[in-house]
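1. Structure, please.
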Amino acid sequence: MKSIDQELYDGLFLVLEGITDCYHEIPPAEAEMPYIHFGQFQVLPNPTKDRLKGLVSGTLHVWSGERIEVSSLCETIMKYSDDFKKTERFYWSLNAHASNYRIMEDNSTNKTLFHGIVDLEFKFY
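-> Residues are numbered from 1 along each chain as shown. This next block holds a predicted model:
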């Protein structure tokens, strides 16, 4: 049986890899952009008498050499996350008020890159 966060992680990965390349770990330097790198996930359980519910927060990183691609992918991630409703054991609801994204310029290489950081918070029940 998968852990709570792994159910969400795998479900989102499956949905988003249909849009662009997705990676579980930091991709190799020669990876084609744009891509999504799945970062850290955190579980905040709130057990009740008859069921387990709570929150899962996660961070996705979007990379590209074009700002417009990063912006578009961040918006797409938010939309697909809002539409994400069910895994094997849980129902999911995106907490839109606690989810956000930001785009930063990265000049750590000889080419300017754009880095989108998408913070998501889901309620599970």
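2. Need the three-state assignment for the residue sitting furthest away from the middle of the chain.
-> Relative to the centre of the chain, the most outlying C-alpha is that of Lys49, 30.3 Å out, by Cα atoms, centre = their mean. Secondary structure assignment for Lys49 (DSSP: H, G, I helix; E, B strand; the rest coil): coil.
3. how about it, phi and psi?
-> phi -60, psi -40 (degrees, to the nearest 10).
4. swap in Glu30?
-> According to degrees, to the nearest 10, Glu30 has phi -90, psi 10.
5. Tell me, what's the model's pLDDT at it?
-> Model confidence at Glu30, expressed as pLDDT, equals 91.
6. where's the closest residue to Glu7 other than its chain neighbours relative to Lys49, distance?
-> The shortest distance from Glu7 to any non-neighbouring residue, by Cβ to Cβ, 6 or more residues apart in numbering, is to Thr87 (4.1 Å). In this view, the C-beta of every residue, glycine as well, is placed from N, C-alpha and C. Note on Thr87: its distance to Lys49, by Cβ to Cβ, to the nearest Å, is 23 Å.
7. cool, Gly65 as well?
-> Taking Cβ to Cβ, one finds Gly65 at 52 Å from Lys49.
8. Double-check that Leu60 belongs to a helix.
-> No. Applying three-state DSSP, one finds Leu60 to be strand, outside a helix.
9. residue nearest the centroid of this protein?
-> For the chain, the residue nearest the mean C-alpha position is Leu60 (3.8 Å; Cα atoms, centre = their mean).
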